[in-house]
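**Student:** predicted model and sequence below, questions to follow.
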Amino acid sequence: MRKKILVVDDDADLVELLSFNLKKAGFAIGTAFDGVEALKKARSIAPDLILLDVMLPELDGLAVCEILRRDSATASIPVIMLTALTGELGRLAGLEAGADDYVTKPFSAKQLVSKVAELIKKRDTKTARD
């Protein structure tokens with residue numbers, strides 16, 4: 001069964017680019033373009049990982065991540081935060097919100113796909129041990 005990735009960003013071109021590269025790597029893709037839609041999709045499609053932009057309309061990515069972590073249905077889904085914000089404070093805010101990793105834009109799509117695969121494998125290994 002193909003692993004599902006939820007790509008959340010308000011930049012349609014970036015969502016398309018990420019979706020293309022992730023599909024090429026064998027993943028099934030869901031998309032959302034704002035924070036509220038991201039929460040609904042996370043609950044409805046139960047993705048194996050979420051790529052989540054920090055700066056989103058409706059509800060920002062940090063708030064979305066915090067809400068996901070408080071909900072038992074979504075708490076264990078790995079989250080990689082994506083942002084144009086650089087610097088240690090932004091990274092710390094993402095990790096404190098519950099993100100598993102933090103990637104600054106611009107980034108290499110190949111490297112991001114590799115991180116996605118690595119985090120999913122790590123989660124699957126942990127689940128198999130538990």
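**Tutor:** Nice, I can see it.
**Student:** the residue most central in space within the chain: what secondary structure?
**Tutor:** Centre of the chain computed as the mean C-alpha position; nearest residue by Cα atoms, centre = their mean is Leu51, 2.0 Å away. Secondary structure for Leu51, judged by DSSP: H, G, I helix; E, B strand; the rest coil, is strand.
**Student:** ok, it touching Val8?
**Tutor:** Yes: with contacts counted by Cβ atoms under 8 Å, Leu51 reaches Val8, the gap being 6.5 Å. Quick note: C-beta positions are derived from backbone N, CA and C, even for glycine.
**Student:** gap between Gly98 and Asp53?
**Tutor:** 15 Å (Cβ to Cβ, to the nearest Å).
**Student:** neighbour count for those two, which is higher?
**Tutor:** Between Gly98 and Asp53, counting by other Cβ atoms under 10 Å, Asp53 is the more crowded of the two (25 against 17).
**Student:** by mean pLDDT, flag the weakest helix or strand of this protein.
**Tutor:** When each helix and strand of the chain is scored by mean pLDDT, DSSP states H and E, helix 88-96 comes last, with a mean of 70.
**Student:** any idea how far the following helix or strand past that one is from the middle of the chain?
**Tutor:** As assigned by DSSP states H and E, the chain's next helix or strand after helix 88-96 is strand 101-104. Distance of strand 101-104 from its chain centroid, counting by Cα atoms, centre = their mean, to the nearest Å, is 10 Å.
**Student:** before I go, just wanted to say thanks for your time.
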